[in-house]
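*Asks:* show me the folded form of this:
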Amino acid sequence: MRLKEILRTTPISSEAGTADGLSAISKLKDRLQKQYEAAYPALAEIISHVIDQEEANARDVSSSFPHLVLPGLVEIHMSQVRLELPWMQPAFRPIPFRFIEPSPAPVFG
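*Replies:* Predicted structure coming up:
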């Protein structure tokens, strides 16, 4: 009987609809709003609208974990209207290779 209980599948509870989940999403939206407003202060209303729209899309894409996809959806939407965050750089960018000349051996006199 114990093995059946262990192997039984149970649904994963979603925190997205709980008070903690709603609070986390709200904090994430505030952080995104502040980041984009810092770069584009005159566009606060547009930024808020985009974030709200992408929150709805995030809930459609992943009803259990909208907070995981929301930043990416906002970033894609903003880049489509040419409002990228200026300080964001790709995590893996190519670094040019160059040989480093060995330093000469120190001379002790």
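
*Asks:* where does residue 103 land in three-state SS?
*Replies:* coil (DSSP: H, G, I helix; E, B strand; the rest coil).

*Asks:* give me the neighbour count for it.
*Replies:* When counting by other Cβ atoms under 10 Å, one arrives at 6 neighbours for residue 103. The C-beta positions use only the backbone N, C-alpha and C, and glycine is treated the same way.

*Asks:* excluding its backbone neighbours, what's nearest residue 70?
*Replies:* Spatial nearest neighbour of residue 70, chain neighbours left out: residue 58 (4.2 Å); criterion: Cβ to Cβ, 6 or more residues apart in numbering.

*Asks:* please, which helix or strand holds that neighbour?
*Replies:* helix 44-61 (DSSP states H and E).

*Asks:* who does the helix or strand just after that helix touch, helix- and strand-wise?
*Replies:* Counting by DSSP H and E, the next helix or strand C-terminal to helix 44-61 is helix 66-80. Helices and strands touching helix 66-80, by 3 or more Cβ pairs under 8 Å, 6 or more residues apart in numbering; DSSP states H and E, are helix 19-39, helix 44-61.

*Asks:* report the mean per-residue pLDDT for the shortest one.
*Replies:* Helix 44-61 carries an average pLDDT of 94.
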